[in-house]
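Chemist: what's the 3D shape of this:
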Amino acid sequence: MKEYTKKQIKDLEKNPYTLKVTKHNVYFTAKFKNDFWVSYQAGNAPRKILEDLGYDRQLLGQKALDSLVQRIKKQALSGSGFTEGDNRTKRIGVKKLDNDPEVQSLERMQHELLYLRQEVEFLKKIIKTTNASKGK
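Modeler: Model (predicted):
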């Protein structure tokens, strides 16, 4: 992972499109993402766009640049608009409610309903077979 020097961090912080800089990451404003996307849609190369927006062309390595383009593309196509900063949301696991008596009762009733439906279908087949053999 690339680590930015103190000079690079200061230069990055001067750019109005920079939201925040750490020694490993640059966080861009929503305006940057919007302007980048418009220029990208117009057919400009990502490195050219960075330069047009006031950044050093060599600021990001190819992998980081590809990742930036993909994140901006994903946000643009999401319909939610562009967001600023770190967009990761904390994932919360779904708590299983097996200990809840109401859930257990509901599951039991669903199981019984499925069983009864199978039983009815089986009885229909028996009646149909019996009627068919009487008709012969």
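Chemist: Would you mind giving the domain segments of this protein?
Modeler: 6-78, 94-136 (automatic domain parsing).
Chemist: Which among the ones you listed is found nearest to E84?
Modeler: Of all those, it is domain 6-78 that lies closest to E84, at 5.0 Å by C-beta to C-beta. For glycine as for every other residue, the C-beta is placed from the backbone atoms N, C-alpha and C.
Chemist: follow-up on the earlier one: which one of the domains of the chain has the most crowded surroundings?
Modeler: Neighbour counts (mean count of other C-beta atoms under 10 Å) averaged over each of those peak at domain 6-78, with a mean of 15.
Chemist: circling back: save the domains of the chain as JSON lines, and put in distance to E84 and mean pLDDT too.
Modeler: As requested, the domains of the chain are exported to JSON lines (distance: least, C-beta to C-beta, whole Å; pLDDT from 0 to 100):
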{"stretch": "domain 6-78", "distance to E84": "5", "mean pLDDT": "90"}
{"stretch": "domain 94-136", "distance to E84": "29", "mean pLDDT": "82"}
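Chemist: Helices of the chain, residue ranges please.
Modeler: 6-14, 30-41, 46-52, 62-78, 101-134 (DSSP state H).
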